[in-house]
Every structure is written in C-alpha cells, then in structure tokens.
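Q: please work out how this folds:
(chains A and B)
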Amino acid sequence: MPDTDRLLVLALERGWITPEQARSRPSLDSVLTPDQIAQLRAGRLLASKMLEAGLKLAEEPPGKFGRYTLIRELGRGGGGCVYLARDPELGREIAIKILDRGVAAQPERFRREMGILAALRHPNIVTIFDAGAEDGRPYYAMEYAGGRSLAEAKLPLAEAVQVLEQVALACHAAHEKSIVHRDLKPANVLLADRPLVADFGIAKTADAGLTETGQTLGTPHYMSPEQAAGREVDARSDVFSMGTMLYEMMTGRKPFTGASVFDVAAQVGRVDPPSPRSIDPRLPRDLEIVALKAMAKRPERRYASARAFADDLRAWKEGRPIAARPPSLRERIASRIRRHPRISAAVAIAVALIAVASIFGSSGWRERRRFEEAQAAILPEVARVKDWQVNLYKRAREMSYTELETAVTNLGRVLARPDLSPVLRHQAHSAAARAYLHMGRMAEARAELDRAIEAGAGPIGEDYFERSRLTWEELLREAHQKNEAESQRLLRKVEKDLDAGLSAGFLDDWYRDFAKAFLRLARDKQKAVEATLAETDRLSKFQEKRPEEVIKFRGDLYLLMKKHDEAAAQYQSAIAVRECYVQAWNGLALSHALKGRGESAEQLQEAFRATSKALEINPKYEGSYFVFALLCWDSLKAGPRGLRKMEAPAFKLVEEAVQKLRTGSQLRPDSLPILQAHGTACILWGFGLLAQRKDPTPAAEEAVKQLTAAIGRDQGRFEPWFARGVARMLTGNREAVADLAEADRRAPENAWVQKWTGFAKALAGDSAGAEAAWKRAIALDPNFREELEAEIAQLPKKK
Amino acid sequence: MSDFQSTLWTVIRGADRGEETALREFALKYRGPIVSYIARRGLPNDAEDLAQEVFLRLLQDRVLAKADPSRGRFRSLLLAVTRHVISHHREREGAQKRGGGNVRSLENVDVSSQEPDESFDREWVGHLVELSLARLAREHPNYHEALQKSVLEGASGIDHNLIHRGKKKVADYLREQIQEYSLSREDYEAELQYLARFFP
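A: Numbering: from 1, shown residues only, chains lettered A, B, ... in the order given. Take a look at the predicted model:
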C-alpha cells in the first residue's frame, strides 16, 4: 500500500526505525506503536495544511514592499519583521514592520486602530506614518530613529532615571488619549537624540486586528499581574512596567526570573521580588520606595498615573521628598495572605487580629473572607486532593508501587477537571510529582514538578527544591562523564531552582537550610566545599528528620571533589542508616567507578555490585539504570581487544546483570534509561561471549533491539547511536559505521566515538578510514596515543 | 565534475563503482510519490516494483544529463522515467499476452520534452514537506509541537516565536532537501523557483 511506504519513510526520518527495517517493508504495527503511527499520520495532515497555508521557500531578499524599498532587516519578533526602508515619495528613511502573513483576520479594524495610533504625536513617542496591508500582509511604517534601545545600553542611574521620567511623561500623554502601551520594556525605548517610546498600543491593535484569539505572549518580565492574568488593563499597567524597568536599572537584574515565560508570568502575580537594597545596600532608599510602589501587585496601590510616577522620579532627582510611602506591616501581611492561601493558621489569626484592630474597611479582613468563601465552594475536591497530598508527602516512601500508581491515577482524574482552581491544580501536580519520584520515574516526576511550578498558585518552594534535586542527581552522573560544560549547565540549573525556591518561600525551615547549603556549593565551587560540609553538620533539623540524606549529600560533595574514598565511606554510612537507600548505593557505585577510572577491574566490579544492589532494591528506579549504563560505558573503554579478555567472574557478573535488566525493561518497556542500560549491558555480555569463544549474535541482537528502541525515543543524544554501532560490530554488521557516523554527528568532538569508529572501519576493511578516525581520536585525547598508534601499525597496508 | 555536493552525486558516483547502498537509501526516500503516481495510473499492484525500476533506470541509462535543468532536472526526469517505465510495462504485458517481448531502451526517449504534471509536482512538494516536518520532529520537537498545536488543533496562546522558528526550519530543511537531489547550483535555483509556485 502506498500509504505504508510513505509512513515508513517518515518513521525512518524521525529515527524510529532503521534503514534496513524500512527497506524490508514490514507491516506498520510490527515496527511502530499505535501512538507513533497516529503521530505519523498527524504529521502528514500537518504537511498538507502547511502547504495550503503557504510557506516561504526562498529566503526573502530585501526588495520592494508596496511603495517602500526595503534596505535591511532591523529585527524580528512579535509576529513580524522590522526593516529599514526608504519611502521614495517623501524621500526619507523609515522603519517598517511587516507582520506575518496568514494572521490578518480583520484588516479593516487593523487599519482603523492603526489610524488612531498614527494620530498620537509626542516628541518622545515614535510616530506612525502609514499602515495597511500589502499583498495580504499587514504592515505599519514608522519614524526611524536609529540608535540603540535601552535594553542594549547601560546607563548611570541618574541618567536612567531621567530617561524613565521622559518615558513616563510620554506615556501619560498617550494615557490621556486612552491609549495604553501594554508592552513597555527596555527594548521598546529607543535612545536616539532623545528617548523615544516605540510600538505604542501595538500589542492590542495587533491582537484585535490580526488574530481572532488575541493571544500574543511576549516577554512577561515587564507585564503587570492583571495583564499576565488576562484581565482588563489601564494606565496603571504601564506604570507597573515602568516600575520593573526602574527596578532593573537599579539592580541590574529583572525582578522576576524563571526558567520559562510561564514561570515568569506566574511569579509576576505571586512573588514579591527581593527589595533593591537587599541586592545592593548602597542604592538610594527613596528610589527603592518609588520602584516598589510602581510595582505594587494591586493597581490601586500603585501610582494613580504615569505623571505621578514621573513626578516622584523628578523629586528624587532634585533631592526633594517623594510622595510615595513605604508599605505598612499590615499591607505586607495582607498581600502575603493573598498570595499564599496555604499560609499557616498562626499568621491567619494574626491578620484577623490586625483586621479587628482597624475594623473600618480593612482590606486584610475582606481578603480573608473572600479566600474562605472560595475555598468552601470547592471543599470536597480540596479535601480529597489534600488527603492524597498529605499521604504522598508523608507516606510515599512506605507506599507500594501499586498504591502510588493508584494515587497518580486519582490525581490525574482531578486534574482533568477544567474548573479546578490554580491552587488545587498546583497541589495535585505537586503530589503527583512526589508519587513519581518514589516510583523512580524521573522524567514524569520532572514533568509534574514543571507543571506544579507553572501552575504556581501555592508554596512552590518545595517543588523547586525537588526539581533541583533531580538535576543534582543528573549532575553527579555528568561529573562521572567528565563533561565539564554539561556539569556547569546543570549546576546553574540547580542554582536557579534553589534561588527561585528561596524567593518563593519554603514551608519547612530545613528545606531552606538545605537549599542554602546547596547554593553555597553551587556559587563558591570547590573553595567552599569544606565550608559547606561543615554547614551540613549544622543542619540539625534536617539531620533529625533524614540523617542519611545529609550523609549522602556529603558523599556527593566528596565525589565532586574527586575524593573517592571519602565519598565511598559517606555512602556506606548512609546505607548503614537506611539499607534500602537506592541513591546512596548508586553513589557508592559511582565513587568506585571513578576511583578505578575504568581501568581497575576490581573497582569496576565493586561498582557493578553496588548498582546491582540498587536495582535489586527498586527495579523501577531509573537513576540506577543511568548509573548502570555509565559503568558499562566505562567497561567499553578497554576497547574490543581488552573486552575479549574478559575474565570469568566479570563475565558472570555481567550475565547476571543482564537478567536484572531484562526484568527492568519488562516492567518499564517505555523507559529510555532502562532501554539504554539494557542495550549497553548486552554489548558487554556479547564481548564476554566472544571471550568464552561463544557466538555473540543473541547478545548483539538483543542489544540492537533495545538501542533501536532507545534511538526511537530520544534522537538527540549520541549515546544510543554510539552503543548500537558498537553492538553491530559484534556481528560484523556493516551498518555499524553508519551508526557511529550518526553518533559523531551528534557529538563531533568525542574521542571515544572516533576511537570506536576506527575499530568499526578496520573491521569493515577500510584501513584508511580507520587510520583517519584513530588519528582524530588521538588529536582529541592524547591519552589514546600509545594504544591507537599500536593499532594503526597493525592495520593491513593498502589494498 | 561539478564541485556541487549533493546526495544525488553520491548516488551517481556509487553507481559508477557498482555500489548500490546509496541508491537504495535514496530510492527509499523518494519513491513514495512515484509509487502513488503509478498506483493512480491504474497499476496499484505493481507500483512498488515499478518504482524501484524507475530508480535503477535513472542511473543505468545515464539519462540525468539529458534532462532540461530549467524545469527541475531531477523531479521532471523522475516523472519522465516513470511514465516510460509504465508504458513499457504495459507494452511488455501486452507482448506477453501475444507471446513475445522486447526491451526498449530509454535511449530513444526524449525526456526533456515531457509535459509537466501538476498533480505529481504537488504530491512531490507534499512529500518534501512531510519529510521536513519529520526531521523537525526529530531535531526540534518543541517547534514541531508548537506547529502541530497551532495548525492542526487550532490552539491559541502558543509562543509565536516557536511557530515562526518552526516554519523557518521547515523552509530550511526543504531547501536542503532540494539541494540534495540537485546536480548543480543552477539546478537547485531552478527547482527552488519552480516549486515556489506551490507555496502561495
């Protein structure tokens, strides 16, 4: 059937099947899951839709656009592209923004609203000359100012304040005509001979005229909470944006940071940024008050107008008293309650007391009433989620896999309800993450944590914390791989999550203490490791609750310091406290492996034993499989010659391990780390069989099967390709070279890939290719010189 | 020889040395539209075999040089050879019924004077877009997801940047693909221009 043929080729292109599989023309369901087939069909549908909608094939050369001559691209984003252009009629240079084709739903309305904006004339606002649609593509032409934007400039504070004052006055002029900017940010303030505000009101006009849905999510960093929540905005929304700009100009950082735009958008409405003076105590106090007032969460607490904001900026500049007052204690507590509905009873009572004290129109009291009413409306749901959540927080460790699975299913059912409040949504995701963590399903746990944080309507500090710990385990494995860049990246991720966690607030003190200890390590690197170790001793509360975790953390630190004996000792004491502590067993395995550096057979065997133990305790914990795969990796360092000398005890260990891994992949046939570990272990097994003078084919086939599935699940990484290439060498399969080439494409500077490519090519009779690959391997890692030069010398000379 | 590198050149050089791996891979990738075309011409059962023959013929009879580059040499050639293989197949079937048969060489076919076939070209372009999207799914799953959500599911609120970059990547991949089956820079430019008509 022609359709089958096409889908197979697409599956091949996606990396789900191999070329030989595609060539043998199997039936679809024998090589692909129903889900994959459905995805391929959806892909074909998408292609035909995209073809209908049109796609620019040629790179757009600057040329004519309507009556304008395009000169060059100035920038891109926000659904269009800005060009420098020439208007031949008026003989001047202009900037023209051409919006993407295919979104113009209401061109007339677009033109009309642009007309209103064009009427807006102010010396500090970029003038719009012309707007319309040309060839179905909406555009608007505006004044070209040249110069940098505020985003690219770093101005001294006094100068920055002056710019912002002018921006605020320009905004006020527009506000008086009922035009709100909606997208004020440093990139929209141009520093020509005078400050110029660009893209005034475009955000709304473009939405109204261009898309039916009205959803343009730009950068949320400067967006007001009401705008982030999709509510109606007025001039005070722009005041908020200017407040965040002031904050950034003072402190050099954005008040709200997060991993994704959703994180940031969630924070805008929920988190108080650290005060500028807590970042730099030398900053002027009055200016801090001005910034924080402009950035108040509730519009009525901000400056009532951009002019009032401008007035205070001027007052500060001229050394006069400002109008703004720092918020009172009561205001601060009330705003905390609003944003942390799960806050402790004690604080709630305190607020109630304050409310009684100032009984007339106390907003704290009103807020609390509203909160209670809202909670009562969804009480049964709350009770259930709460129940599960408490269970999962406190008891997850003792719950069986099935129990945990049931909990996840229940939570999924609750989460499917569209009317679920953000608070409950957060709690349900957060609880599901706990369940997955204890089930050893790391990818799912991470995804749930991401969602919990994204929902962001509760104390997400703990979620950040748990996510940072997932990253931390990844980091330990990368340290083993000696991948410095990746380790640094992961360390930054850990750091970011903990920072976010600390500013979001933790419910428990010991979380905070632990987060701080972690951060210290992340920030000060090796120098402070000893200090951090000392600090872990002071984590008394944590120590009481989970002593073994503190011990294990010390082990981790030693591991990163390359003190492998000390690390092993710590892990062993952690295991002594709790024998079924899987992560500690894996840590022990890593410390042995690192100590042996893949050269000491004895250490490697110890490592295998430790991680086998971890697999035995919890065959579903993915982290152990990662470690297992790493150990197999280490073994591959011996090269094909070394591996063929595998001794009987080692072989026995590998054979047993393969058994365990088979169990693992039966339990979790969809898990990438398990597939990889299983596949890689089979390679070792295959070399073991060779060493025993037995046929390695069954091992090689099992390996290829697992690794092909692994490639189908994750094409980005080079490891599964590399491993499959090596597996194919076992049976002299010529595709080995192709697999290794794929690995090389994904990790071009990897000496190991080159080394094995050399062996594969030598095996395939390509002496020249083998020599080239080995020479490259030596260039990448001089440690290979001796071994590989010997190999090169043994190559058959010239055909 | 041209310094223009493409998979098609690799295939040709491989065929010169009697290696067929590259050709097989290449045929596998591009035979979909050919199979559909043959099937539509009333030969659904023989479509796959005949498609295979098309690719073999393409190299054996050294027809590549004869095609008119201005119309997209490779694609129009594929169509010409396919038509030839179909008519030859029909002749052979007829001859067999009459009890004999002769093999006609492509030497006598003027491959450059073939009429274009809009529906084949459209299908061809569709196939290229499908391949590009599959590659996008592999290399940039987030872009692919964004495109899928916005185009297929009509979801709103998707990061426009992702969609924009996704489309741009697809266009890049399409160009790369066209380059893969072109023999020269001129070939490539001509094909690009020819196929652009399918992107309104």
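
Q: hey, let's count contacts and neighbours off CA atoms from now on
A: OK.

Q: so how far is the host helix or strand of A:A793 from its chain's centroid?
A: Assessed by DSSP states H and E, A:A793 sits inside helix A:785-794. In terms of CA atoms, centre = their mean, to the nearest Å, the centre of helix A:785-794 is set 43 Å apart from its chain centre.

Q: likewise for stretch A:294-310?
A: 33 Å.

Q: so who does A:L689 touch?
A: Contacts for A:L689 (CA atoms under 8 Å, 6 or more residues apart in numbering or on different chains) come out as A:D695, A:P696.

Q: need the distance between the two termini of stretch A:21-35.
A: Distance between the two ends of stretch A:21-35: 19 Å, counting by CA to CA, to the nearest Å.

Q: list the buried residues of the longest helix along chain B.
A: Assignment by DSSP state H gives helix B:73-98 as the longest helix of chain B. Applying a neighbour-count criterion of 16 or more other CA atoms under 10 Å in any protein chain shown, one finds B:73-86, B:88-89, B:91-92 buried in helix B:73-98.

Q: so which of the residues you listed are also by chain A?
A: Among those, no residue is within reach of chain A (CA under 8 Å from any CA of the partner chain).

Q: before we move on, back to that, just want the angle from the helix or strand following the longest helix of chain B to helix B:73-98.
A: Downstream of helix B:73-98, the first helix or strand assigned by DSSP H and E is helix B:118-139. In terms of direction (axes from the mean of the first three to the mean of the last three CA atoms, to 10 degrees), helix B:118-139 departs from helix B:73-98 by 120 degrees.

Q: pull out the buried positions in helix B:118-139.
A: Neighbour counts over helix B:118-139 (16+ other CA under 10 Å) mark B:120-139 as buried.

Q: hmm, it in reach of chain A?
A: Yes. Judged by CA under 8 Å from any CA, helix B:118-139 and chain A are in contact via B:G126, B:V129, B:E130, B:L131, B:L133, B:A134, B:R135, B:A137, B:R138, B:E139.

Q: ok so, going back, tell me what the helix holding A:A793 is packed against?
A: On a contact count with 3 or more CA pairs under 8 Å, 6 or more residues apart in numbering or on different chains; DSSP states H and E, helix A:785-794 meets helix A:767-780.

Q: mean confidence for the helix it packs on?
A: For helix A:767-780, mean pLDDT rounds to 89.

Q: which other helices and strands contact it?
A: Helix A:767-780 packs on helix A:751-763, helix A:785-794, going by 3+ CA pairs under 8 Å, 6+ apart.

Q: and the helix or strand where A:Y571 lies, what does it pack onto?
A: A:Y571 belongs to helix A:564-577 when assigned by DSSP H and E. Other elements packing on helix A:564-577 under the criterion 3+ CA pairs under 8 Å, 6+ apart are helix A:547-560, helix A:582-596.

Q: follow-up on the earlier one: looking at the helices and strands packed on helix A:767-780, which is buried most?
A: helix A:751-763 (a mean of 25; mean count of other CA atoms under 10 Å in any protein chain shown).

Q: by contact count, what packs against that helix?
A: With contacts taken as 3+ CA pairs under 8 Å, 6+ apart, helix A:751-763 sits against helix A:719-730, helix A:735-746, helix A:767-780.

Q: can I get it as PDB, trimmed to CA atoms?
A: Provided in PDB are the C-alpha atoms of helix A:751-763 (Å, rounded to 0.1, in the frame of the first residue of the first chain):
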ATOM      1  CA  ALA A 751      37.300  10.900  21.200                       C
ATOM      2  CA  TRP A 752      35.500   7.700  22.200                       C
ATOM      3  CA  VAL A 753      33.300   7.900  19.200                       C
ATOM      4  CA  GLN A 754      36.300   8.400  17.000                       C
ATOM      5  CA  LYS A 755      38.200   5.500  18.600                       C
ATOM      6  CA  TRP A 756      35.400   3.000  18.100                       C
ATOM      7  CA  THR A 757      34.700   4.400  14.600                       C
ATOM      8  CA  GLY A 758      38.300   3.400  13.900                       C
ATOM      9  CA  PHE A 759      37.700  -0.100  15.100                       C
ATOM     10  CA  ALA A 760      34.500  -0.400  13.100                       C
ATOM     11  CA  LYS A 761      36.200   0.800   9.900                       C
ATOM     12  CA  ALA A 762      39.100  -1.500  10.500                       C
ATOM     13  CA  LEU A 763      36.600  -4.400  10.900                       C
END
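
Q: average pLDDT across that helix?
A: On average, helix A:751-763 scores 87.

Q: list the contacts of it.
A: Residues outside helix A:751-763 that contact it (CA under 8 Å, 6+ apart): A:637, A:639-640, A:722, A:726, A:729, A:732, A:736-737, A:740-741, A:743-744, A:767, A:769-774, A:776-778, A:780-781, A:788, A:795.

Q: kindly recompute the last result at 6 Å.
A: With CA atoms under 6 Å, 6 or more residues apart in numbering or on different chains as the test, helix A:751-763 has contacts from A:V737, A:L740, A:A770, A:A773, A:W774, A:A777, A:L780.

Q: quick one, what contacts the fourth one?
A: Each residue near A:A773 by CA under 6 Å, 6+ apart is listed here: A:Q754, A:G758.

Q: perfect, I'm done here.
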